[in-house]
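A.B. asks: coords please:
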Amino acid sequence: MHYFAMKSHAVIQVSDKTKEIILSAAKELFAQKGYFKTTYADIARHAGVNQATVYRAFKTKENIFRNLLEEEYHIIKQESYGAYSADEPTPQKLKKIITTNFTLTTKSKLLKYILHDEYSQFRSIFNSRDKTAFDEIRAIINEGIAKGELNAEDPAYMLAVLNSFRFCLLSLYRTEPMIAASKYSLDHLVETINYIFVEGFLKYFSRESKA
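C.D. replies: Numbers count the residues shown, from 1 in each chain. As a prediction, this is how the structure comes out:
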């Protein structure tokens, strides 16, 4: 039994505001130090509460992480799949979804650190979230193939290309020393690479490319 569960049998509710403070503190620490280097005590200290309060709110550090991950994925998914209209051609839909998704993912300090440096430790968690997202984009790809707007016999391969590029984007922060010598910002670099990839991806898988 957890130490804090033994301190008292009384159930003390933690307010939503306090939970948000704890989540915000944990998010900052995870983004700075990673999941494994962040301790329960670190989170409590950064949030300005005691460890017992953190326990009552979330029980474990993993639960805190899962809450943050769910929130991050929800925002990215909502923005990505809300970026297009139903009557647009499939290539245009994919362009908007991919660009929005990649931009938001690379701007997420939490995902940037965790996905790049600690992904293997959370493979099962990320795989379950990715499956849902990929099921939705797979449906759009299949629709495009059926309409003759995409020339691809293997939707799974298209998804593998997309996922591989996402991990490449997440390593961009390692180029910060080089970009510092440029007149352009890291955000501009992300936009440039996004453009090159998305245009190349759609050109490669478009109906005309294999004609």
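
A.B. asks: Give me the nearest residue to T38, chain neighbours excluded.
C.D. replies: L29 (4.4 Å; C-beta to C-beta, 6 or more residues apart in numbering). For glycine as for every other residue, the C-beta is placed from the backbone atoms N, C-alpha and C.

A.B. asks: Now the one you found: which helix or strand?
C.D. replies: Per DSSP states H and E: L29 is located in helix 16-33.

A.B. asks: can you give me the offset of the helix or strand harbouring K77 from its chain's centre?
C.D. replies: Under the criterion DSSP H and E, the helix or strand holding K77 is helix 61-81. Centroid displacement of helix 61-81 relative to its chain, using C-alpha atoms, centre = their mean, to the nearest Å, is 7 Å.

A.B. asks: Run a quick neighbour tally on K59.
C.D. replies: For K59, the neighbour count with other C-beta atoms under 10 Å is 13.

A.B. asks: next one: the one 3 residues further on
C.D. replies: Other residues lying near E62 total 12 when counted by other C-beta under 10 Å.

A.B. asks: Domains of the protein: list them as residue ranges, please.
C.D. replies: Domains of the chain are assigned by automatic domain parsing as 3-59, 66-210.

A.B. asks: For those, give me a markdown table that also has mean pLDDT.
C.D. replies: Listed next are the domains of the chain as a markdown table, based on pLDDT from 0 to 100:
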| stretch | mean pLDDT |
| --- | --- |
| domain 3-59 | 87 |
| domain 66-210 | 82 |
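
A.B. asks: sorry, back to before: next secondary structure after the helix holding K77?
C.D. replies: Next element after helix 61-81 (DSSP H and E): helix 90-107.
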